[in-house]
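Asker: The sequence and its predicted three-dimensional model are supplied below.
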Amino acid sequence: MTELRFTLNGREVRYQARGLERLSSVLRRDLGCRDVKVGCDAGDCGACTVLIDGAPVCSCITGVAQAAGKRVETLAGLRDNDPAFSKLSTAFLNHGAAQCGICTPGMMVAATALLRDVTAPSEREVEDALGGVLCRCTGYRKIIDAVMGAASPAEDRTGVGAGIVRLDGASKVEGREAFSDDVAPDTALVLKVIRSPHDHTRFALGDLDAWRNAHGLDLILTARDVPGTNAFGVIPGFIDQPVYAEAIARFRGEAVAAVVGAADTMAALDLSTFPIIWDPIDAAREPAGAKTLDPFHEGHVDNVMCRGFVKKGNAEAALARADIVVEAEFETRFVEHAYIEPEAGFADWRNGRVEVHGGTQAPVMARDSLAGILGLDPDAVRVVPTAVGGGFGSKLDISFHPHVALAAFHLKRPVKITYSRSESMASTTKRHPAKMRVRVGATKDGMLSGFAFDGVFNTGAHSSWGPTVANRVPVHAGGPYAHADYVAKTEGIFTNNPPAGAFRGFGVPQAAIAQEALFDDLADKLGLDRLDFRMLNALDNGVPTATGQVFNGAVGIRPCLESLRPAWNAALENAHEFNSQVGVLRKGVGIACGWYGCGNTSLPNPSTIRAGIVRDGRIVLHQGAMDIGQGANTVIAQIFAEALGVDVRDVELIGPDTGVTPDAGKTSASRQTYVSGNAARLTGLALRAEVLHLTNAADGVISFGPGEVTVTAPDGTIHSARLPAGDEYCLEAAETYDPPTAPLDENGQGVPYAVYGYTAQMVELTVDTSLGTVTLDHIHAAHDVGRAINPVLVEGQIHGGVAQGIGMALMEEYIPGRTDNLHDYLIPTIGDVPPITSHIIEVADPHGPYGAKGLGEHVLIPTAPAILSAIRHACGARVTRLPATPDRVLAAIRAGKEG
């Protein structure tokens, strides 16, 4: 033990160091600095950035001894001691520069160090200073604006349509937000999972009791310790992933057991001595190979998980009579969600039920899954969500939850877990790899004539959201265009990989890559401008979709395209002028469109929102839609406040704790603004009707005070009434909304979604034809959101989705068994995202709350195909396997020259 002395946030501390320890661990565990976040323990993500003598360092790769005699500052110290903090935090809030908030402490600390040296930094200086901190949500542009002191977009008004500061924003920028690894009690035992080191293996367990006793452990969990059903999943009929594998593990990273003990015991435990014998067997990571293996799951011949199908008219006949037919094959690979917050949480046994605390995108769905595993009634399980440090779909599935729940159930005491980055990457869901073959025809006048799509999707070892992907893709595969003759088929195939699940778009981004590339081919062969070709064939009101659905008044793809036309024409002229000069650099301009149905496909999709008035005059909103950074807390509160007729700043939020808040459904499929927003609007209107009845007023402005409510009528007349007595609330309302859809028939015809959102994006870039490198110059993103409830949050979603699309297009590829960190797995950094111009289009939907449509998923869909379109325009390189890394771009350039 060595005593170290240093200054921490202005106070002297003494610490008894126990050998080599990370500064981040000491700060969080022993010195109460939970504002320091840990995302990688490898210096890759920068979330743990602190200042030592004013210089930013990654505290996860800094030994605590390196702080001896020095001044250490964390975000909390800057908040409490630095007079410049208020200005920077206000800028972050006003620009929406904090979304989920997990990277925000690192960003704020690094930005403070810069601003102490440079009061008015340039964009390049901001990029250099913050380049070591990764963000997966914001797309960085708003962070740059905030640090540079750009003019604030925030508004004073608060109703629907106002870009107000997010209601949960202050806790994020101040470092007070509690995430999954911040909430476990100090007394909690620690759990670690034993995982398969092989793709496909039999295994046999040894003497677990003897090993447990020899190492002083409290508990070992295996399949035999699951009192309910040893399986979980998300789609009825496809609940096939075991909590702990029994005899056979089907992917590298699959859980086979868990061990629980005191923190010190677990820190010293050598898991390599765990008594288990592995017997690897034949495995297949690709669908073709998996079809030759015995079924992984009963009833799935050739390891086909399921198929999807949509047919309209006669595609083959239309292709036969087309004047031009183009076809090609495309391939995408696994993509990692790469949220900065790894999975973590704890469970406890309280008052006769299991309580699970931690991150999730679907609290009630998680509760019901855990109840089945534990063999308990759902009321005997409570899920208390923390803030979520990024989700993007993967945190819809349960991960750590059953392990700590089972341990708490058996031990009747708190048990916690924190995934390492490598454990997170090995065991959680990914974006589905896809192999797609597409044929599209057109007539000489530029009209589409036949569309045929065949896609094989690698769903990994278990189903997860695979059925959703297999059935959503055929609906969307043709894009937001008018197809008279159409067929789309998909297969989801089990393989020996981590399960592929939900990831921003549910397979639609993969399909758009193929479809949009072939639309460029058709435009080229027809001699048409690529934007004009899309306008010619775009869906419109009154025109049936591929499933035969007809919308009247809410189809916004044409306005999206038209909004891009001035920038498109200017960019084409600029590229032509630049490329007229001889050199290795070539500029290109690309365009792509996308659409996305909000909510579940042809399935019930309800949300319930509850609100009440306390006798002291407080307005309380039980908001059960998980906010994972997209802004649900703020948007749904704005909708509710607008309907009730009060200032949203007077609304007190109670979050999606399953013990106190009704089910607002899962945060997925871009459904929360639309579905939960509708429920919030109905709840606000119902509560308003109660108030007007109580005060005998017909209309007016509502205000609440202790024991009283007042309505000021438009003519100035004041109507007052005493609030009635009540146990919890004296006035209360709870309303449910379920979108109107209809089942699809055997040909996929029907009403899969009540509303679609539409998007068109254009990309300007430069290709170095000698190296194959791509530099993005500018991106224009047009999005029909129906009604922008909060334009600042809309723009934040656009930027974040575009950044993820950039990663998918140019750099991201998860390789099972090899990719296990954020150093080898590349996601866009602050220097990779170019200026983004957002075009917010408002084509109101009759079903949406104040006309609003969803947005989150849509943003990602056209980005990668637009980038590929621009690369091809620049240098003729056709990249058909993503990501378009420099070697693949260079190979495509050479192939184009040879062809």
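Answerer: Arrived safely.

Asker: which residue is nearest the centroid of this structure?
Answerer: F392 (1.5 Å; CA atoms, centre = their mean).

Asker: if I look at it, how far off is G505?
Answerer: Applying CB to CB, to the nearest Å, the value for F392 to G505 is 10 Å. Where you see a C-beta, it was placed from the backbone N, CA and C, and this is true even at glycine.

Asker: pretty sure V388 contacts S394?
Answerer: No. In this structure V388 lies outside contact range of S394 using CB atoms under 8 Å: 10.6 Å.

Asker: distance of V889 from R431?
Answerer: Applying CB to CB to V889 and R431 gives a distance of 21 Å.

Asker: Name the residue in the two with the higher neighbour count.
Answerer: Taking neighbours as other CB atoms under 10 Å, V889 and R431 compare with R431 leading, 31 against 25.

Asker: Quick check: the gap between that one and P862.
Answerer: Taking CB to CB, one finds R431 at 16 Å from P862.

Asker: buried residues in stretch 286-298?
Answerer: For stretch 286-298, the neighbour count (16 or more other CB atoms under 10 Å) marks P287, A290, K291, L293, F296 as buried.

Asker: what pLDDT, on average, does that stretch get?
Answerer: Mean pLDDT, stretch 286-298: 97.

Asker: For it, give me every contacting residue.
Answerer: 240, 250, 282-284, 301-305, 435, 456, 458, 461-463, 491, 493-496 (CB atoms under 8 Å, 6 or more residues apart in numbering).

Asker: got the contact list for the nearest residue to D454 once chain neighbours are set aside?
Answerer: For D454, ignoring the flanking residues on the chain, the nearest one in space by CB to CB, 6 or more residues apart in numbering is R437 at 4.8 Å. By CB under 8 Å, 6+ apart, the contact set of R437 is E327, A328, E329, F453, D454, G455.

Asker: Run through the bridge partners of R437.
Answerer: On the basis of DSSP bridges, R437 is bridged to E329, D454.

Asker: can you tell me how far it sits from V755?
Answerer: For R437, the distance to V755 equals 30 Å [CB to CB].

Asker: Tell me where the stretch 251-400 of the chain has strands.
Answerer: 255-261, 276-280, 304-312, 324-332, 335-336, 344-350, 353-358, 381-385 (DSSP state E, counting those that start in this stretch).

Asker: which residues of the stretch 301-450 of the chain fall in helices?
Answerer: With helices called from DSSP state H, counting those that start in this stretch, the stretch 301-450 of the chain shows them at 315-321, 363-374, 401-411, 421-427.

Asker: Packing partners of the last one?
Answerer: On a contact count with 3 or more CB pairs under 8 Å, 6 or more residues apart in numbering; DSSP states H and E, helix 421-427 meets strand 189-195.

Asker: which residues sit against the strand it packs on?
Answerer: For strand 189-195, contacts defined as CB under 8 Å, 6+ apart pick out 218, 252-263, 266-267, 269, 271, 274, 276, 403-404, 407, 411, 413-417, 423, 426-427.

Asker: relative to strand 344-350, how tilted is that strand?
Answerer: With axes from the mean of the first three to the mean of the last three CA atoms, to 10 degrees defining the directions, strand 189-195 sits at 120 degrees from strand 344-350.

Asker: Now the helix or strand that strand 189-195 is followed by: buried residues?
Answerer: Toward the C-terminus, strand 189-195 is succeeded by strand 201-205 as the next helix or strand (DSSP states H and E). Judged by neighbour count (16+ other CB under 10 Å), strand 201-205 contains these buried residues: T201, F203, L205.

Asker: Tell me which residues touch the second one, please.
Answerer: Contacts for F203 were tallied using CB under 8 Å, 6+ apart; they are S196, A245, A247, I248, A249, V256, I276, I277, W278, D279.
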